[in-house]
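A.B. asks: coordinates only, sequence not included:
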């Protein structure tokens, strides 16, 4: 049983990996948007270094949220359109296992990538080294929740005409706690204060999301598939 | 025969957009049978099949369905991947071995194309690849929605053979189609005005 | 009647429609009486606040609306759970009809809060923890409303919204906690609503009357919109024709 489940996750992950290798633009676009958005903020505020450091952590986190949102649009779209999503729901036992595989790959190409890009963004936003480290730590702890919660919204809105904006309305309010804990940790670190509480909270939210979201995503996918 | 049918439906009723698609629909499909489902566009053939497969919950009535494979209008193929890669995915999520993939692809006439991305294949070849899943994941009941779509004469003959073999091996087929299957169909059910 | 029978009856829209008519009217009348009494009492009879003068009187509108919009969301989450697990049609309708009511009440709560803020805090908008949670609640209502509008099939829209309401209810405590914690840490509130120093009875009694009144209003609105919704969904059945036309089926 255990190896069967591992096999399911692996074959789903391999499939996602191959799909991304054939159409890398799907994952590259949100990352480019992420960097572009941060640069726009820096340019828009006149590049004044003190001011940038002040708003830096908030800008980076908000753009992580928005880039994540953009990437969610493509999470289930292709599978829904070509019919593989319904086959997944019919054939996988249990369904949430390959679904989790999909979300893990999504996280690798959004959360992890944006965390790795953070030193660059921090440079643009004139953050201190301490702040950068804490920011990366909160991102790596917070982004799994974004992918998991976001997948619920993506699953609910896949195949709907008004997908994009609707997804934002559904998902962004749910992202708020992650944003708050992530940003506040970076600010406190800038003042040289302890941020353990925030990190614990981000971890706790991630664990809660990991426990509940896969079931919600599965249910939401079934609801979307019944409409075709 | 005393064996229970692989598919039995009792008093099914389905309403969609305030319109009754079908009501009081009862039928069963036993092992070795190939039942075709006929009816004009919009008569509810696809909805019935999706309901039997478990993809559409808003049908009233009792249904009992054996382990089944469903192939709908869409082929269930990621067109960026090759037929082989698609079948590897199916093998992975269902837990059947990957060893049968080559034989299956050869059987549906995709030998030599197994490593080209599906989007480079013709519609008919994609349909073949989609139907190949039926052979890879061995389930007694096949629920098919217009399997002959996009297929040329050879392809249609191939499907005929596959259906025959499956029924001969004590499987069952329930197949929605707008062109009658001919002599391999043991029975027909007609929806809408029939 | 056993619990099980009651449960089955609650699942039947027809029973609900026929039994709940008087309840809707009754709650509506009670809401009207209570709200008129409480509001007049609060606005005219209650003494002015020793610090804020007469501007505090908006509390009689603000607090009840702010309370009821949170309760409405929780009710919706519970109904969503009932619908997803037991496929109770009535629960789906509860989720549907509560959204507009909750949205209006949240907006009203935010508006009155802002009007109150102008003389007391000296600003129309303050990123205070409570204000922010209310704003997020409004967004959660928006999401539910938009999702329902975007899905053409009523059955699917019901399931999707039930699921989203449930996810929202799980999130609300976390959102509330995070917002409280962040904004009070960030800028300590200079003025809190709940810890008003021992409000005298002549001030909180009318508030209590209005709070009860607004809950009665919620009951009345939900029940009457449920009955309309039931008629709309069951318009093909014989009992609805009988009910509306007075002719036996």
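C.D. replies: That came in fine, so what should we check first? The shown structure was predicted, so the numbers you read here are calculated from the model rather than taken from an experiment.

A.B. asks: so what's the residue count around the residue lying closest to residue A:27 once chain neighbours are set aside?
C.D. replies: Among residues not flanking residue A:27 along the chain, residue A:109 sits closest, at 4.1 Å (C-beta to C-beta, 6 or more residues apart in numbering or on different chains). Placement of C-beta: from N, CA and C, glycine included. Per other C-beta atoms under 10 Å in any protein chain shown, the neighbour tally for residue A:109 reads 20.

A.B. asks: biggest helix in chain B, by residue count?
C.D. replies: Determined from DSSP state H, the single longest helix within chain B is helix B:153-168.

A.B. asks: how about the strands in chain C?
C.D. replies: Per DSSP state E, chain C carries no strands over any range.

A.B. asks: ok, back up a step: what residues are up against the residue nearest to residue A:27?
C.D. replies: Contact analysis of residue A:109 by C-beta atoms under 8 Å, 6 or more residues apart in numbering or on different chains lists A:20, A:27, A:71.

A.B. asks: low-confidence stretches in chain B?
C.D. replies: B:1-2, B:193-194 (pLDDT under 70).

A.B. asks: what parts of it come near chain A?
C.D. replies: Counting by C-beta under 8 Å from any C-beta of the partner chain, chain B comes close to chain A at B:50, B:53-58, B:70, B:72-81, B:85, B:88-95, B:117, B:130, B:133, B:137.

A.B. asks: likewise chain C?
C.D. replies: Looking at chain A, the residues of chain C close enough under C-beta under 8 Å from any C-beta are C:84, C:136, C:139-140, C:142-143, C:146-147, C:150-153, C:155-156, C:159-160, C:163-164, C:166-168, C:170-171, C:174-175, C:177-179, C:181-182, C:185-186.

A.B. asks: who's the closest spatial neighbour of the most centrally placed residue in chain A, skipping the chain neighbours?
C.D. replies: Per C-alpha atoms, centre = their mean, the C-alpha nearest to the average position across chain A is that of residue A:147, at 3.7 Å. Using C-beta to C-beta, 6+ apart and skipping the chain neighbours, the partner closest in space to residue A:147 is residue A:107 (4.2 Å).

A.B. asks: same thing with residue C:177?
C.D. replies: Going by C-beta to C-beta, 6+ apart, residue C:177 has residue A:177 as its nearest residue, at 7.7 Å.

A.B. asks: got the domain ranges for chain B?
C.D. replies: For chain B, the structural domains run B:1-67+B:142-194, B:74-138, going by automatic domain parsing.

A.B. asks: tell me the most buried of the ones you listed?
C.D. replies: Mean neighbour count, computed with mean count of other C-beta atoms under 10 Å in any protein chain shown, is highest for domain B:74-138 among those, reaching a mean of 19.

A.B. asks: how far off centre is that one?
C.D. replies: With C-alpha atoms, centre = their mean, to the nearest Å as the basis, domain B:74-138 stands 15 Å off its chain's centre.

A.B. asks: for that domain, measure first residue to last.
C.D. replies: 20 Å (C-alpha to C-alpha, to the nearest Å).

A.B. asks: and the gap between residue C:69 and residue A:132?
C.D. replies: Here residue C:69 is placed at a distance of 40 Å from residue A:132 (C-beta to C-beta, to the nearest Å).
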